[in-house]
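Novice: what follows is a predicted protein model with its sequence.
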Amino acid sequence: MPPIADKYLEERILKAAQRLWRTRGEKGLTLRAVAREAATTTPTLYKRFRSKESLRVALAHRVREELTSDLLSSPSIEQAHRRYLAYVEAHPREYDLLRVSWGHFFSTPRPVRGWLIAQLALRFGGRPEDYGSVYDGIFLLCHGTSTLMIAAPDEAVRVATREICIKVCDKLLENAGLFRSSE
(Lines give C-alpha, C1' and ligand atoms only; values in the text may rest on other atoms or scores of the structure.)
Protein backbone atom coordinates (compact mmCIF):
# COMPACT_ATOMS: atom_id res chain seq x y z
CA MET A 1 0.00 0.00 0.00
CA PRO A 2 1.50 3.40 -0.97
CA PRO A 3 2.13 5.92 1.80
CA ILE A 4 -0.60 8.46 2.43
CA ALA A 5 0.46 12.02 1.67
CA ASP A 6 0.31 14.42 4.59
CA LYS A 7 -2.02 17.12 3.32
CA TYR A 8 -1.02 19.45 6.19
CA LEU A 9 2.72 19.10 5.70
CA GLU A 10 3.26 22.28 3.70
CA GLU A 11 1.29 24.31 6.26
CA ARG A 12 3.34 22.79 9.11
CA ILE A 13 6.54 23.62 7.27
CA LEU A 14 5.52 27.23 6.64
CA LYS A 15 4.36 27.70 10.24
CA ALA A 16 7.64 26.25 11.49
CA ALA A 17 9.62 28.47 9.12
CA GLN A 18 7.69 31.52 10.29
CA ARG A 19 8.33 30.70 13.97
CA LEU A 20 12.02 30.26 13.30
CA TRP A 21 12.24 33.44 11.23
CA ARG A 22 10.36 35.39 13.91
CA THR A 23 12.62 34.21 16.73
CA ARG A 24 15.98 33.82 15.00
CA GLY A 25 15.80 35.67 11.70
CA GLU A 26 17.82 34.63 8.66
CA LYS A 27 20.28 32.58 10.70
CA GLY A 28 17.52 30.44 12.17
CA LEU A 29 16.00 29.55 8.84
CA THR A 30 17.95 26.45 7.91
CA LEU A 31 16.17 23.63 6.13
CA ARG A 32 17.32 21.18 8.80
CA ALA A 33 15.91 23.37 11.60
CA VAL A 34 12.63 23.90 9.74
CA ALA A 35 12.27 20.16 9.13
CA ARG A 36 12.91 19.43 12.80
CA GLU A 37 10.45 22.15 13.91
CA ALA A 38 7.80 20.86 11.45
CA ALA A 39 8.26 17.26 12.64
CA THR A 40 9.40 16.00 9.26
CA THR A 41 12.67 15.10 7.59
CA THR A 42 15.01 17.28 5.60
CA PRO A 43 14.57 15.16 2.41
CA THR A 44 10.78 15.49 2.74
CA LEU A 45 11.12 19.24 3.12
CA TYR A 46 13.30 19.34 -0.02
CA LYS A 47 10.47 17.67 -1.96
CA ARG A 48 8.23 20.67 -1.16
CA PHE A 49 10.86 23.42 -1.23
CA ARG A 50 13.90 22.82 -3.41
CA SER A 51 16.06 25.40 -1.64
CA LYS A 52 16.22 27.78 1.26
CA GLU A 53 15.42 30.59 -1.20
CA SER A 54 12.19 28.92 -2.37
CA LEU A 55 11.15 28.43 1.26
CA ARG A 56 11.99 32.06 2.04
CA VAL A 57 9.92 33.27 -0.95
CA ALA A 58 6.95 31.12 0.12
CA LEU A 59 7.29 32.50 3.63
CA ALA A 60 7.45 36.07 2.30
CA HIS A 61 4.23 35.48 0.34
CA ARG A 62 2.59 34.20 3.52
CA VAL A 63 3.70 37.28 5.48
CA ARG A 64 2.50 39.56 2.66
CA GLU A 65 -0.92 37.87 2.78
CA GLU A 66 -1.09 38.45 6.56
CA LEU A 67 -0.24 42.12 6.17
CA THR A 68 -2.66 42.52 3.25
CA SER A 69 -5.48 40.92 5.24
CA ASP A 70 -4.81 43.22 8.17
CA LEU A 71 -4.74 46.33 5.98
CA LEU A 72 -7.89 45.39 4.07
CA SER A 73 -9.76 45.08 7.37
CA SER A 74 -8.99 48.72 8.18
CA PRO A 75 -12.16 50.62 9.06
CA SER A 76 -10.89 53.68 7.17
CA ILE A 77 -8.12 54.75 4.83
CA GLU A 78 -6.62 56.76 7.69
CA GLN A 79 -6.26 53.57 9.69
CA ALA A 80 -4.50 51.67 6.90
CA HIS A 81 -1.11 53.37 7.25
CA ARG A 82 -1.36 53.16 11.05
CA ARG A 83 -1.95 49.41 10.78
CA TYR A 84 0.94 49.08 8.36
CA LEU A 85 3.32 50.70 10.84
CA ALA A 86 1.84 48.76 13.77
CA TYR A 87 2.42 45.51 11.87
CA VAL A 88 6.06 46.46 11.36
CA GLU A 89 6.49 47.24 15.04
CA ALA A 90 4.93 43.94 16.06
CA HIS A 91 6.71 41.89 13.37
CA PRO A 92 10.02 43.57 12.47
CA ARG A 93 11.70 40.39 11.23
CA GLU A 94 8.75 39.48 9.05
CA TYR A 95 8.79 42.95 7.53
CA ASP A 96 12.50 42.64 6.91
CA LEU A 97 11.74 39.39 5.08
CA LEU A 98 9.26 41.30 2.90
CA ARG A 99 11.84 43.99 2.27
CA VAL A 100 14.46 41.55 1.01
CA SER A 101 11.85 39.67 -1.06
CA TRP A 102 10.26 42.75 -2.65
CA GLY A 103 11.28 41.80 -6.18
CA HIS A 104 9.03 38.74 -6.06
CA PHE A 105 5.92 40.89 -5.65
CA PHE A 106 6.15 43.34 -8.54
CA SER A 107 4.17 41.20 -10.96
CA THR A 108 1.51 40.11 -8.45
CA PRO A 109 -1.84 41.83 -7.80
CA ARG A 110 -1.84 44.57 -5.15
CA PRO A 111 -5.23 44.38 -3.43
CA VAL A 112 -4.42 47.08 -0.86
CA ARG A 113 -3.64 49.53 -3.64
CA GLY A 114 -6.92 48.75 -5.38
CA TRP A 115 -8.89 49.14 -2.15
CA LEU A 116 -7.23 52.41 -1.14
CA ILE A 117 -7.53 54.15 -4.50
CA ALA A 118 -11.19 53.04 -4.74
CA GLN A 119 -11.81 54.57 -1.30
CA LEU A 120 -10.12 57.81 -2.36
CA ALA A 121 -12.29 58.00 -5.50
CA LEU A 122 -15.42 57.50 -3.39
CA ARG A 123 -14.35 60.28 -1.03
CA PHE A 124 -12.96 62.83 -3.49
CA GLY A 125 -14.62 61.89 -6.78
CA GLY A 126 -13.09 60.77 -10.02
CA ARG A 127 -11.80 57.38 -11.00
CA PRO A 128 -9.72 55.14 -8.72
CA GLU A 129 -6.79 55.26 -11.16
CA ASP A 130 -6.66 59.04 -10.64
CA TYR A 131 -5.26 58.38 -7.16
CA GLY A 132 -2.35 56.08 -7.99
CA SER A 133 0.23 58.70 -7.03
CA VAL A 134 -1.44 59.24 -3.65
CA TYR A 135 -1.26 55.53 -2.90
CA ASP A 136 2.32 55.36 -4.13
CA GLY A 137 3.28 58.29 -1.90
CA ILE A 138 1.70 56.72 1.18
CA PHE A 139 3.28 53.36 0.43
CA LEU A 140 6.73 54.88 -0.08
CA LEU A 141 6.43 56.91 3.12
CA CYS A 142 5.35 53.87 5.12
CA HIS A 143 7.94 51.57 3.60
CA GLY A 144 10.78 54.02 4.19
CA THR A 145 9.58 54.69 7.72
CA SER A 146 9.29 50.97 8.39
CA THR A 147 12.85 50.38 7.26
CA LEU A 148 14.03 53.19 9.55
CA MET A 149 11.92 51.94 12.46
CA ILE A 150 13.48 48.48 12.23
CA ALA A 151 16.95 50.02 12.35
CA ALA A 152 16.12 52.63 15.04
CA PRO A 153 18.70 52.69 17.84
CA ASP A 154 16.06 53.10 20.56
CA GLU A 155 12.36 53.37 21.34
CA ALA A 156 12.27 57.17 21.25
CA VAL A 157 13.63 57.32 17.70
CA ARG A 158 11.25 54.58 16.55
CA VAL A 159 8.22 56.34 18.05
CA ALA A 160 9.21 59.75 16.65
CA THR A 161 9.78 58.25 13.19
CA ARG A 162 6.39 56.53 13.26
CA GLU A 163 4.56 59.67 14.44
CA ILE A 164 6.11 61.83 11.71
CA CYS A 165 5.05 59.32 9.06
CA ILE A 166 1.49 59.21 10.41
CA LYS A 167 1.22 63.02 10.35
CA VAL A 168 2.53 63.25 6.78
CA CYS A 169 0.28 60.41 5.54
CA ASP A 170 -2.74 62.03 7.24
CA LYS A 171 -1.99 65.34 5.50
CA LEU A 172 -1.53 63.60 2.18
CA LEU A 173 -4.91 61.91 2.59
CA GLU A 174 -6.59 65.17 3.63
CA ASN A 175 -5.28 66.76 0.44
CA ALA A 176 -5.53 63.76 -1.88
CA GLY A 177 -7.74 65.73 -4.25
CA LEU A 178 -4.83 68.05 -4.99
CA PHE A 179 -2.76 65.12 -6.23
CA ARG A 180 -5.52 63.59 -8.31
CA SER A 181 -4.44 63.04 -11.88
CA SER A 182 -7.10 63.26 -14.53
CA GLU A 183 -6.45 62.36 -18.12
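Specialist: Okay, I see it. Just so it is clear, the structure is predicted and the values come from calculations on it, not from any experiment.

Novice: what comes up buried for the one helix or strand Leu98 maps to?
Specialist: In this assignment (DSSP states H and E), Leu98 forms part of helix 92-100. Of all the residues in helix 92-100, those buried under the rule 16 or more other CB atoms under 10 Å are 92-98. (Each C-beta comes from the backbone N, C-alpha and C, glycine too.)

Novice: packing partners for the helix or strand just after that helix?
Specialist: Note on helix 92-100: by DSSP H and E, the next helix or strand toward the C-terminus is helix 111-124. Here helix 111-124 touches helix 52-72, helix 77-90, helix 132-151, going by 3 or more CB pairs under 8 Å, 6 or more residues apart in numbering; DSSP states H and E.

Novice: which strands or helices does the longest one pack on?
Specialist: In terms of contact count using 3+ CB pairs under 8 Å, 6+ apart, helix 52-72 is assigned the packing partners helix 9-24, helix 31-37, helix 77-90, helix 92-100, helix 111-124.

Novice: for the residue nearest the centre of the chain, which non-adjacent residue is closest in space?
Specialist: In the chain, the centroid-proximal residue (CA atoms, centre = their mean) is Arg64; its distance is 3.8 Å. Excluding the flanking residues, the one nearest Arg64 by CB to CB, 6 or more residues apart in numbering is Leu98, at 6.1 Å.

Novice: what's the domain layout of this structure?
Specialist: Using automatic domain parsing, the domain parsing of the chain gives 7-50, 60-179.

Novice: let's have the ones you listed in JSON lines, adding mean pLDDT.
Specialist: Converted to JSON lines, the domains of the chain look like this (pLDDT from 0 to 100):
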{"stretch": "domain 7-50", "mean pLDDT": "92"}
{"stretch": "domain 60-179", "mean pLDDT": "94"}
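
Novice: which strands or helices does the helix holding Leu98 pack on?
Specialist: Using 3+ CB pairs under 8 Å, 6+ apart: helix 92-100 touches helix 9-24, helix 52-72, helix 132-151.

Novice: wait, which of these is closest to Pro109?
Specialist: helix 52-72 (9.7 Å; CB to CB).

Novice: and the contacts of that closest one?
Specialist: Helix 52-72 is contacted by residues 13-14, 17-18, 21, 29-31, 34, 45, 49, 80, 83-84, 87, 91, 94-95, 97-98, 100-101, 104-105, 111-112, 115 when judged by CB atoms under 8 Å, 6 or more residues apart in numbering.
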